[in-house]
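A.B. asks: Provide a 3D model corresponding to the input given below.
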Amino acid sequence: MDMASQTSALYMRTHLIGASGGLQLARLVAGDPWTAGAIDHLPAELEEEMAFVRERVEELSGHRESWLGAVVGLGSGVRGVAGVLRVTRGRFRRVAALEAMRSLLLAKKAMWELGMEGRVDFGPGTARCAELNDQAARQATELQALHQRAADEAFS
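C.D. replies: Numbering: from 1, shown residues only. Have a look, this model is predicted:
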């Protein structure tokens, strides 16, 4: 694997690690009755995106990225702790959870932007980066609306 491929694979692995935590948080936030189903689609979309990135990392590295299962398992532990702490329950906790989700989505959007520019090697999947970038923008807009509502409730 050449240096550019190694760099791209490392960058995408880093995003996969963050995405595993983001996926668990998305499951909690989407599961909060307060959202009234507004982002129920988010966890499935994140899972699809993670599968896309993982596949490319495996192509670049030439081996299966078996470590990701362990990271997702740790993410499930984080989800369990977050559930016990009820991070999405309560006015201020909900604001913070939605802010964290928006931050993670914007980081992911930056990855798609770099993919569209060809700076990160998505190979034949580069064209898909534009679709995923648009999807990330839509997801961020949805979370922004929920965040605004949560902030109105918390600070009014």
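
A.B. asks: by mean pLDDT, flag the weakest helix or strand of this structure.
C.D. replies: Lowest mean confidence among the helices and strands of the chain (mean pLDDT, DSSP states H and E): helix 67-85, at a mean of 56.

A.B. asks: tell me which helix or strand comes right after that helix.
C.D. replies: Next along the chain after helix 67-85, taking DSSP states H and E as the criterion, comes helix 91-116.

A.B. asks: off-centre distance for that next one?
C.D. replies: Distance, stretch centre to chain centre, for helix 91-116: 7 Å (CA atoms, centre = their mean, to the nearest Å).

A.B. asks: give me the low-pLDDT residue ranges for this structure?
C.D. replies: The model of the chain has pLDDT under 70 over residues 67-89.

A.B. asks: please report how far the most centrally placed residue in it lies from residue 156.
C.D. replies: Nearest residue to the geometric centre of the chain (CA atoms, centre = their mean): residue 19, 4.1 Å. Residue 19 sits 33 Å away from residue 156, going by CB to CB, to the nearest Å. Using the backbone N, CA and C atoms, a C-beta is placed for each residue, glycine as well.
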